[in-house]
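K.L.:
quick one: sequence and predicted model below, then my questions.
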Amino acid sequence: MRRLFRARDFGILLVLAVEIAVFSILTHRPDRPNPMLDAANLLATVRDMTVLATAALGSCVIIISGGIDLSVGSCIALTSVVTAHAIVLGHSPVAACLLGILTAVAMGLLSATFITRAKLPPFIATLGMMSIARGLAYLVTKGATIPIPDSGFTRGLGSGMVPLLGVSVPVPVLLLVVCALVFHLFLTRTRFGREIYALGGNEEAARLSGVPIVRLKYLVYALGGLMAGLAGVIFTAYYGTGQSTAAMGWELDAIASVVIGGGSLSGGRGSVWGTCIGALIFQVLRSGLAMVGASDYNQLIIGAVVIAVVAFDQVTRKGRG
């Protein structure tokens with residue numbers, strides 16, 4: 001456990017436990033079981049956060065490298081539209097999914113090109129890519145949704161369950177766990193992972209140490225596009241439609257999940273497992289607020305939480321300095 005989770009990750013787990021306990025108290029009714037602790041509700045909460053958490057894994061790598069990606073939500077929408085459109089045209093679900101994911105990877109590589117060749121700040125480059133990807137999704141759909149027929153794709157990847165240790169685990173959750181484990185090993189057990197942390201810690205020092213800066217930036221933004229594409233495929237399978245309006249504002253939720261999970265917007269620090277827990281904290285927050293009838297306060301509370309965490313991070317960084 002100590003190898004998988006850092007000390008701060010356990011602190012985030014404690015925050016999640018307190019959050020669940022608070023909403024359990026607020027939603028408790030003597031005449032019926034506690035809905036917050038209901039097994040079906042907990043399973044639905046975990047399943048609902050998988051799309052965001054999958055995309056946030058890519059944002060985690062980018063933020064660790066010292067960059068940022070504001071095109072995550074748009075890439076999810078573009079992937080959703082491309083995948084659904086390909087299935088409707090008669091392509092196999094596997095080919096359609098690969099086409100959608102490769103489209104998102106291409107968007108990530110294009111962002112990296114703007115950053116490394118045109119020397120644009122990551123904020124500006126990915127902000128422009130956000131509009132480009134969303135615009136392409138609108139061009140394909142003309143603003144309408146693309147329904148796909150019920151098939152093994154939607155029943156398997158979208159709502160499928162896998163029996164594991166006597167428990168039925170949703171396929172998207174199992175896929176998220178596998179991706180998180182791969183990313184954890186990549187960041188902590190490979191040379192590329194160490195170089196990504198070095199790049200985010202101090203780019204000039206990393207360059208003088210022989211780290212291939214340009215190639216590494218292409219890699220991290222390609223990974224960001226890959227995970228956004230995978231999230232878009234899961235979204236399409238889960239909802240059974242391709243939507244150009246999908247994942248509006250999710251780029252901020254993905255960044256917030258990384259920050260809540262221990263990442264630093266200054267780069268050089270971040271955790272895969274902390275990012276997953278951060279995404280789960282947001283989903284539990286949304287679910288709990290809906291149960292107590294205060295869902296209108298979602299964005300307000302999330303914004304306040306992100307500001308508080310970033311402010312705390314800046315204060316602690318100065319203290320460590």
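P.N.:
That came through fine. Numbers count the residues shown, from 1 in each chain.
K.L.:
how many neighbours does the residue nearest to Cys276 when sequence neighbours are not counted have?
P.N.:
In space, and not counting its chain neighbours, Cys276 is closest to Ala53: 5.1 Å by Cβ to Cβ, 6 or more residues apart in numbering. Where C-beta positions appear, they are placed from N, C-alpha and C, glycine not excepted. A count of neighbours around Ala53, defined by other Cβ atoms under 10 Å, yields 30.
K.L.:
and Gly262, by the same measure?
P.N.:
Residues near Gly262, counting by other Cβ under 10 Å, number 23.
K.L.:
ok, it touching Val272?
P.N.:
No - using Cβ atoms under 8 Å, Gly262 is not in contact with Val272, being 10.1 Å away.
K.L.:
downstream of the one helix or strand Ser80 maps to, the next helix or strand is which one?
P.N.:
Secondary structure from DSSP states H and E places Ser80 in helix 72-88. Downstream of helix 72-88, the next assigned helix or strand under DSSP H and E is helix 93-116.
K.L.:
relative to helix 93-116, how tilted is the next helix or strand after that next one?
P.N.:
Sequence order places helix 122-141 as the next helix or strand after helix 93-116, per DSSP H and E. If you take axes from the mean of the first three to the mean of the last three Cα atoms, to 10 degrees, helix 122-141 sits at 150 degrees to helix 93-116.
K.L.:
helices or strands up against helix 122-141?
P.N.:
Applying 3 or more Cβ pairs under 8 Å, 6 or more residues apart in numbering; DSSP states H and E, we find helix 122-141 packed against helix 72-88, helix 93-116.
K.L.:
specify the local secondary structure of the residue nearest to Gly224 when sequence neighbours are not counted.
P.N.:
Using Cβ to Cβ, 6+ apart and skipping residues adjacent in sequence, the residue nearest Gly224 is Gly58, 3.6 Å away. With DSSP: H, G, I helix; E, B strand; the rest coil as the basis, Gly58 sits in helix.
K.L.:
now do the contacts for Gly58.
P.N.:
Gly58 is in contact with 69, 72, 108, 223-228, 254, counting by Cβ atoms under 8 Å, 6 or more residues apart in numbering.
K.L.:
of these, which belong to helices?
P.N.:
Of the positions in the contacts of Gly58, 72, 108, 223-228, 254 sit in helices, assigned by DSSP state H.
K.L.:
Throw those into CSV and include pLDDT, neighbour count and distance to Met36, thanks.
P.N.:
Below are the ones in helices among the contacts of Gly58 laid out as CSV (pLDDT from 0 to 100; neighbours: other Cβ atoms under 10 Å; distance: Cβ to Cβ, whole Å):
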residue, pLDDT, neighbour count, distance to Met36
Val72, 96, 34, 29
Gly108, 97, 29, 37
Leu223, 97, 23, 35
Gly224, 97, 33, 33
Gly225, 97, 31, 36
Leu226, 97, 20, 34
Met227, 97, 30, 29
Ala228, 97, 37, 30
Ala254, 93, 35, 25
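K.L.:
by contact count, what packs against the one helix or strand His184 maps to?
P.N.:
According to DSSP H and E, His184 maps onto helix 171-189. The contact analysis (3+ Cβ pairs under 8 Å, 6+ apart) places helix 171-189 against helix 39-48, helix 50-64, strand 161-164, helix 191-201, helix 213-239, helix 272-291.
K.L.:
and for Pro172, the neighbour number?
P.N.:
Pro172 has 27 neighbours, counted by other Cβ under 10 Å.
K.L.:
please name the residues that touch it.
P.N.:
Pro172 neighbours (Cβ under 8 Å, 6+ apart): 47, 50-51, 54, 157-158, 234, 238.
K.L.:
and if you look at Gly232?
P.N.:
Counted by Cβ under 8 Å, 6+ apart, Gly232 has contacts 75-80, 83, 100-101, 104, 246-247.
K.L.:
Serialize those residues to a markdown table and add fields for distance to Phe123, pLDDT and neighbour count.
P.N.:
Output for the contacts of Gly232, formatted as a markdown table (distance: Cβ to Cβ, whole Å; pLDDT from 0 to 100; neighbours: other Cβ atoms under 10 Å):
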| residue | distance to Phe123 | pLDDT | neighbour count |
| --- | --- | --- | --- |
| Cys75 | 16 | 97 | 38 |
| Ile76 | 19 | 97 | 35 |
| Ala77 | 20 | 96 | 27 |
| Leu78 | 20 | 96 | 31 |
| Thr79 | 22 | 97 | 34 |
| Ser80 | 25 | 96 | 32 |
| Thr83 | 28 | 96 | 30 |
| Gly100 | 26 | 96 | 28 |
| Ile101 | 25 | 97 | 23 |
| Ala104 | 19 | 97 | 32 |
| Ala246 | 23 | 92 | 25 |
| Ala247 | 19 | 92 | 26 |
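K.L.:
I'd like those residues as CSV, with distance to Gln283 appended.
P.N.:
Below are the contacts of Gly232 laid out as CSV (distance: Cβ to Cβ, whole Å):
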residue, distance to Gln283
Cys75, 20
Ile76, 16
Ala77, 20
Leu78, 23
Thr79, 21
Ser80, 19
Thr83, 23
Gly100, 24
Ile101, 23
Ala104, 22
Ala246, 17
Ala247, 14
